[in-house]
Structures are given as C-alpha cells and as structure tokens.
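Undergrad: Sharing a model prediction with you, sequence too.
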Amino acid sequence: MTITRSPAFGPFSAGLAQGTRVLPEYDGGSIVNVTASILQAFGCEPPSAPLRTDLLDPAVLSQAPGGVVCLVVDALGLAQLQAGLAASRAPRLQRFIDEHGLPRRLTSIFPSTTTAALTSLATAQPPSKHGILGHVLWIEEVRAACNVLHFTPVGRPDQPIDDDLLRCEPTIHERVAAAGFDSVAITAAAYEGTAFTNLLQRGGEFVGYQTQSQMPYLLEQTLSAKSGQGRCFVGMYWPHIDTIAHVYGPDLPEAPCEASALELEFVDQMIGHTADICRRYRCALLITADHGQASLDPHLSCSLPRDLLANLRQRPAGGRRAAYLACDHPDELAQSVVPHASDLLPMDEVIDAGWFGGPLSPVFRQRIGDWLALAHDGVQFLIDDGDGVFPQLGGHAGLTPHEMEVPLLLAPAD
C-alpha cells in the first residue's frame, strides 16, 4: 500500500487496505490554504498557512487591481478534469491552461465531503478547528445524529436544530469585510436563508442564480457595480458536477461516464465566460474544487445490519465512505461485516495522526465516535433509517486520489 503523506503528520501504525491513500496537506497544499492566501491578499491575518509559493505567488492575488474571484466547482477532482481535457470535452479550460499553466495539484481535507470541505474553504481552517467533521454528526446537545446540510436530526427533517450549535470560525466574508473590502457570494438562489449557507456565507452579500447561465452574468453585474469602489472578493459556487456524479458516476480515465462528461462541457462554457469577465475587470481568478469523486460499485455496498446498529451507542455519523462508529465493545465490530468492507481504525489514532488537522475540542470529539470505518475502494456504507437504502455510483469522503486530489487553476488579473 502507498500513502502520500505530508511531513506534518505523525506516525500512524494502523494498517490500511491495498491501494494509494492521499492525506491532506494542511501545511500549504490543501484547499484550506487557498482561502488563507485570499485572506492574505486582502491584508487579513489568515488563521492557517497560505499556499506554498511553488503553488501560488502571493503577489498574483494581492496586486490584482479589481480583487479576487474564486470559483468552487463541487466535486471537480483533478482526475475528472484531466479525463475531460484528454477527451477534448473542455476546450475553454484547455485554452485557459495553455495561457496560464497546468493545474496545480491540491488536496482536499479529511473527510473529503462537501459539508466539511466547504466549511474549510469558507473559514481557512481544517475540520479540527471548525468542527464540521462530516455529513452526519452526533450532536450531544440534542442527543441525535444530525444531517449538517439540513441542520436536522436524521429521520426528522421537520425538527431543525439551533443554528448556534454548529456555528464556527469567522468566514472569509466576515474577515474581508472587517478589513474594509466588499465581499460577495454567488450561489444557487435556492440556498438563500438555509442554515448551512448561513454558516458558510455570514458577512457576505448574497447573490442567487436560478440557472448556470446566470452565473457569469451575475458576476459581471457584481463587478460592474463594485467598479471604482476598490478591490473586492467574490466567491462563486457550482454544485452539479457532484450531483451528476453521485447519480451516474464520475467521469474518470478508467471509468468514463457520459453524463458527467456532458456536465463538464456546460461548466467549461461557464468558466470561459467567467475568465473573460475577470480579465475585463482586472480580477485574479482562482478555480478549484472542494473534493473529487470515486466510482462506487452498488454490488459492493455494505448495509449495516440492525443487530450491529443496536449494539452501537448511537446512530453512526460520517457518511457512505467514512463511517464514524460509537461502540463500547470492539469485539462486536471485529466480528461484523465492517472489517470486510473497510479499514477499521481507532478514532483517537486518526485524530493523533492529524487527519482532521489537529486535536479536537471535547465538544467536537463527541461528534465522531470511537472508530473510523474507512471504506475500501468501490465500497459504500448504507443505513436504513426507515425509508430504504439508495446506493450511489459515485461518492467521496475517503482518502483515495480520486476523492482527495483537486485542481487549482489560476489566471492573473493582467
């Protein structure tokens, strides 16, 4: 087995399954550091290290007269981008690369899942600091496993929890605004006012789109309105490569998927327009992703049996590719289906090894149980909460290269 390890990580003796695993490079090569670099460009003291200088020259952002635009394309992993380029599905991105250089390789965070990764991009902090440690977390204050996207207990979507229970570090918008600059979030109009969006975009001016074609239009409207008022920050977010890949599978070199490739073609058009607008308004443009996606085989799905769930202290947290289990009797886990489908790792060792980015506060530690079940390649965990189980063809949260490696594309202002 091969592990790509950052020097910041300590020894970790637990064995992992065959295959390559990529650990987060929180010390300057991850999505956390992208936001730290943007904060630095606006004169803010970032809470984490900025990107290494071999990945980004700080002057490219700090000297951009119009400011900085950062486009996050959910689940556009490095492998999926490379597959699209090799198949000539993204001509505008290819032209972008020809003009500005090859994509830099970054890592996501652990777990490489949307809730945790977008919060890291919003705060420039690893999960250990912001506490959003997965898609589902055990929230001791309400004694329930809660869906972080919806801020509701699993199985009880009509009973929202208090937003303050998951409120975390200051956002990039709050920090940039406090430094005296305008800060704008362009995202789906349907997200406006939702608890998770409020968590990510506090302090920013919300601009909502209905369709993809509106994104560059709204960017131009925003930059035109800010023109002459000094530099600004604009964060943009597109979710649907992730949506399509969950349903049909990601488009990867070894596993092509036409549905995901077609979605990239539409994203390619949007990026082309976005790059042209940034050039006109003399803004630096960063393009990255929160995580990638790996292909999943529904036939390898591991449904957690009721007798195992009954012996856990609480419903599992985490997600399909990285389940968090609270169990007082490890022998029961060892004799279950879990070790056949995953690497079963002591959570304290995972924390000590730095996978989440550092030590956890007692409140955060309660959210993730005693054991990490890190799913094997192609495997997903399924739990029937009363409405059946629904295997997916693409997923993330694990440490495979397809899940962890994301691109960084950069266009200077001039």
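TA: All right, it came through fine. These figures come from a predicted structure and were not determined experimentally.

Undergrad: Just say helix, strand or coil for residue 234.
TA: strand (DSSP: H, G, I helix; E, B strand; the rest coil).

Undergrad: Touching, it and residue 224? I think so.
TA: No. Residue 234 is beyond contact range of residue 224, at 12.0 Å (criterion: C-beta atoms under 8 Å). C-beta coordinates here come from the backbone N, C-alpha and C atoms, glycine included.

Undergrad: neighbour-wise, which of those two wins?
TA: residue 234 (28 against 12; other C-beta atoms under 10 Å).

Undergrad: bridging residues for the more buried one?
TA: For residue 234, the beta-bridge partners are residue 69, residue 184 (DSSP bridges).

Undergrad: give the contact list for it.
TA: By C-beta atoms under 8 Å, 6 or more residues apart in numbering, the residues touching residue 234 are 67, 68, 69, 70, 183, 184, 185, 186, 219, 222, 223, 283.

Undergrad: all helices for the stretch 101-250 of the chain, in order.
TA: Counting by DSSP state H, counting those that start in this stretch, the stretch 101-250 of the chain has these helices, from start to end: 114-123, 127-130, 172-178, 195-201, 214-226, 240-248.

Undergrad: of all the ones you listed, which lies closest to residue 97?
TA: Evaluated with C-beta to C-beta, these place helix 240-248 nearest to residue 97, the distance being 17.8 Å.

Undergrad: If you count contacts, what does the next helix or strand after the closest one end up packed against?
TA: Later in the chain than helix 240-248, the nearest helix or strand by DSSP states H and E is helix 258-280. Helix 258-280 is packed against strand 67-73, helix 78-86, helix 91-100, helix 214-226, strand 232-238, helix 240-248, strand 283-288, strand 405-411, with contacts defined by 3 or more C-beta pairs under 8 Å, 6 or more residues apart in numbering; DSSP states H and E.

Undergrad: Quick check: which of the ones you listed is nearest to residue 201?
TA: strand 232-238 (7.8 Å).

Undergrad: Let me have the helices of the stretch 101-250 of the chain in TSV, extended by mean pLDDT and distance to residue 160.
TA: Compiled in TSV, these are given as follows (pLDDT from 0 to 100; distance: least, C-beta to C-beta, whole Å):
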stretch	mean pLDDT	distance to residue 160
helix 114-123	98	16
helix 127-130	98	20
helix 172-178	98	23
helix 195-201	94	7
helix 214-226	98	29
helix 240-248	98	23
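
Undergrad: Tell me which of the ones you listed approaches residue 266 most closely.
TA: Of those, nearest to residue 266 by C-beta to C-beta is helix 240-248, at 8.4 Å.

Undergrad: Using CSV, write down the CA coordinates of that closest one.
TA: This file holds the C-alpha atoms of helix 240-248, laid out as CSV (Å, rounded to 0.1, in the frame of the first residue of the first chain):
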residue,chain,number,x,y,z
HIS,A,240,-23.9,19.9,-10.1
ILE,A,241,-20.8,18.0,-11.1
ASP,A,242,-21.2,16.5,-7.7
THR,A,243,-24.9,15.9,-8.2
ILE,A,244,-24.5,14.2,-11.5
ALA,A,245,-21.5,12.1,-10.4
HIS,A,246,-23.4,10.7,-7.4
VAL,A,247,-26.2,9.5,-9.7
TYR,A,248,-24.3,8.3,-12.7
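
Undergrad: so residue 24 makes contact with residue 107?
TA: Yes. Here residue 24 reaches residue 107: they are 5.0 Å apart, a contact under C-beta under 8 Å.
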